[in-house]
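Visitor: This is a predicted model, with the sequence first.
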Amino acid sequence: MTRRDFFTAIANTESLDENLRNFAAAAIEKMNATNAARKDKPTKAQIANAPLIEQIVGMLTDEPKTATDLAEPMGIKVQKASALLRAAVAQGKASVQDVKIKSKGTQKGYTLAK
């Protein structure tokens with residue numbers, strides 16, 4: 001049971017004292033305010049990845065490139081390149097499409113957003 005579940009259960013229990021219910025409702029509001037403030041602030045990883053995202057976007061063209069194609073010149077692992085590319089797509093800086101690769105099958109190909 002999470003703290004939110006606990007306080008919600010207390011706030012919704014009519015048989016408990018009104019002071020307890022008010023305290024639980026105030027605690028829920030405090031959690032909501034904390035979560036809203038945290039949501040607007042970038043994480044340490046997002047701050048650290050911002051220059052890498054710009055670098056990987058700078059390597060994109062109109063021709064689709066896979067994460068493997070972009071990881072090697074940057075000196076990073078394919079998994080990291082894939083995560084950076086997904087972030088670039090979420091930010092609207094890149095677009096993604098399926099690309100057929102001979103002897104590998106279908107992979108995600110990334111291009112510069114239009």
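Guide: Right, received. Where do you want to start?
Visitor: pLDDT score assigned to the residue nearest to the spatial centre of the chain?
Guide: By C-alpha atoms, centre = their mean, the chain has its centre lying nearest to A87, at 7.1 Å. For A87, the pLDDT comes out at 94.
Visitor: can you check K114 too?
Guide: At K114, pLDDT is 81.
Visitor: Excluding chain neighbours, what is closest to it?
Guide: S95 (7.3 Å; C-beta to C-beta, 6 or more residues apart in numbering). From N, CA and C alone the C-beta is placed, and that goes for glycine too.
Visitor: tell me which element that neighbour is part of?
Guide: strand 94-101 (DSSP states H and E).
Visitor: List the buried residues of the next helix or strand after that strand.
Guide: As assigned by DSSP H and E, the chain's next helix or strand after strand 94-101 is strand 105-112. By neighbour count on 16 or more other C-beta atoms under 10 Å, the buried set for strand 105-112 is Q107, K108, G109, Y110, T111, L112.
Visitor: Surely the second one and D69 touch.
Guide: Pointing back at K108 there. No: the criterion here is C-beta atoms under 8 Å, and K108 misses it with D69 at 11.1 Å.
Visitor: Check which helices and strands the helix ranked longest in the chain sits against.
Guide: When the chain is parsed with DSSP state H, its longest helix is helix 18-40. On a contact count with 3 or more C-beta pairs under 8 Å, 6 or more residues apart in numbering; DSSP states H and E, helix 18-40 meets helix 3-12.
Visitor: same for the helix it packs on, what does it pack against?
Guide: Going by 3+ C-beta pairs under 8 Å, 6+ apart, helix 3-12 lies up against helix 18-40.
Visitor: contact partners of the helix it packs on?
Guide: R3, R4, F6, F7, T8, I10, A11, T13 (C-beta atoms under 8 Å, 6 or more residues apart in numbering).
Visitor: Give the next helix or strand downstream of that helix.
Guide: Heading C-terminal from helix 18-40 (DSSP H and E), you reach helix 44-58.
Visitor: now the angle between strand 94-101 and that next one, please.
Guide: With axes from the mean of the first three to the mean of the last three C-alpha atoms, to 10 degrees applied, the angle from helix 44-58 to strand 94-101 works out at 60 degrees.
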